[in-house]
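Undergrad: Quick one, structure for this:
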Amino acid sequence: MRERVAWDDQRAFLAVFEEGSLSAAARRLGVAQPTVRARIEALEDALGTVLFTRSVNGLAPTEQARALADQARAMARASDAFVRAASSPPGEIAGAVRLSVSDFVGVEVLPAMLASLRQTHPRIVAEISLSNASADLLEQEVDIAVRMHPPRHGALVAKKVGAIPLGLFAHRDYLARRGSPATLDDLADHDIIGPDHARADLQMAASFHPSLTRERLTVRTDSHPAQLALLRAGLGIGVVHRPIGLADPMLRPVLVEMTVASLDTWIVMHEDLRGVPRVRGVFDHLVAEFVRYVRQF
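TA: Residues are numbered from 1 along each chain as shown. Next up, the predicted model:
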């Protein structure tokens, strides 16, 4: 093996590994397909091994490729973190900060918080990763994460901002047609929007009332933004962050005195980043905004 392997060749390898074809990898990298092919061939020549074989579904990674994928991902994360750090002038709250949030928070909660962030720190560039899976803060895949579970590693700095209450809501037109349930048992006479296969959500529904099983749900999806969209379309009763539901003029709370659940929420970053002005500035802003969010209703 040659002494050095070009990073562009490794980036091409990771793109092909994750996309499954040269053409898809080329689109992801913004280069021509022959360029990706040349980089894969150069990497295979440098390593002295075959990384991909052709299959009916595209390019299949070899055992050697699968063994190298995690290292390539780690290098990609380190490269991205390097670029974010380089985007920030020393000592200034400026540059790129990458955030990891759930899809619902990213769609319904975070935008207003980023609008106020832009007023306070106009030179911050926010990169948003929407995923219900936990991003790897230890490898600095992202700079800051909003999590609904406490951090489990001592190298992370976390601030608990409170608990987001979840309540039942429905569109006002739905309630005008079907009436509003007065008790939990009255839910049996209503259309219920809820999870499809997400175990934690199904368990939460069943713990709220034993009758709320998957089979009982009229419309099922594991996407929380989709559940809210279905509520807004008047398709039934469902669970929403109370601050979001109460702020929507078309939605009405159902069984107001009952809280379905409360989501303990933390803002988390790696301890190595707490002295970095751009990251600390966004961290402190999100802490203040989420404290306000969970306490407003």
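
Undergrad: the longest helix in this protein is where?
TA: In the chain, with assignment by DSSP state H, the single longest helix is helix 63-86.

Undergrad: chain center to the first helix or strand past that helix going along the chain, what's the gap?
TA: For helix 63-86, the following helix or strand on the C-terminal side (DSSP states H and E) is strand 95-101. How far strand 95-101 lies from its chain's middle: 11 Å, per C-alpha atoms, centre = their mean, to the nearest Å.

Undergrad: which residues in this structure form strands?
TA: In the chain, the strands defined using DSSP state E lie at 52-55, 58-61, 95-101, 124-130, 144-147, 156-171, 193-194, 219-220, 237-241, 251-254, 261-270.

Undergrad: export the ones you listed to a markdown table and tack on mean neighbour count and mean pLDDT?
TA: Heads up, the C-betas are built off the backbone N, CA and C, glycines and all. Below are the strands of the chain laid out as a markdown table (neighbours: other C-beta atoms under 10 Å; pLDDT from 0 to 100):
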| stretch | mean neighbour count | mean pLDDT |
| --- | --- | --- |
| strand 52-55 | 12 | 84 |
| strand 58-61 | 16 | 84 |
| strand 95-101 | 23 | 91 |
| strand 124-130 | 15 | 91 |
| strand 144-147 | 22 | 92 |
| strand 156-171 | 20 | 93 |
| strand 193-194 | 24 | 92 |
| strand 219-220 | 17 | 93 |
| strand 237-241 | 25 | 94 |
| strand 251-254 | 20 | 95 |
| strand 261-270 | 19 | 92 |
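
Undergrad: so which of these gets nearest Leu228?
TA: Closest approach to Leu228 among the strands of the chain is made by strand 237-241 (5.9 Å; C-beta to C-beta).

Undergrad: Show me what the closest one packs onto, helices and strands only.
TA: Other helices and strands packing on strand 237-241, by 3 or more C-beta pairs under 8 Å, 6 or more residues apart in numbering; DSSP states H and E, are strand 156-171, strand 193-194, helix 224-232.

Undergrad: By mean pLDDT, flag the weakest helix or strand of this structure.
TA: helix 63-86 (a mean of 81; mean pLDDT, DSSP states H and E).

Undergrad: Going by neighbour count, list what's buried in it.
TA: Ala65, Leu68, Ala72, Arg73, Ala76, Arg77, Asp80, Ala81, Arg84, Ala85 (16 or more other C-beta atoms under 10 Å).

Undergrad: quick one: the last one and Pro277, what's the gap?
TA: Okay, so that is Ala85. Ala85 is 11 Å from Pro277, where distance means C-beta to C-beta, to the nearest Å.

Undergrad: Same question for the third one.
TA: The span separating Ala72 from Pro277 equals 31 Å under the rule C-beta to C-beta.

Undergrad: so who does the spatially most central residue of the chain touch?
TA: The residue lying closest to the centre of the chain (C-alpha atoms, centre = their mean) is Ser131, at 2.3 Å. Applying C-beta atoms under 8 Å, 6 or more residues apart in numbering to Ser131 gives the contacts Ser100, Ser102, Asp103.

Undergrad: Could you do Pro253 as well?
TA: Per C-beta under 8 Å, 6+ apart, neighbours of Pro253: Gly167, Leu168, Phe169, Arg242, Gly245, Leu246.

Undergrad: Any chance of those in TSV with distance to Thr218 as columns?
TA: Formatted as TSV, the contacts of Pro253 follow (distance: C-beta to C-beta, whole Å):
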residue	distance to Thr218
Gly167	19
Leu168	14
Phe169	15
Arg242	22
Gly245	19
Leu246	23
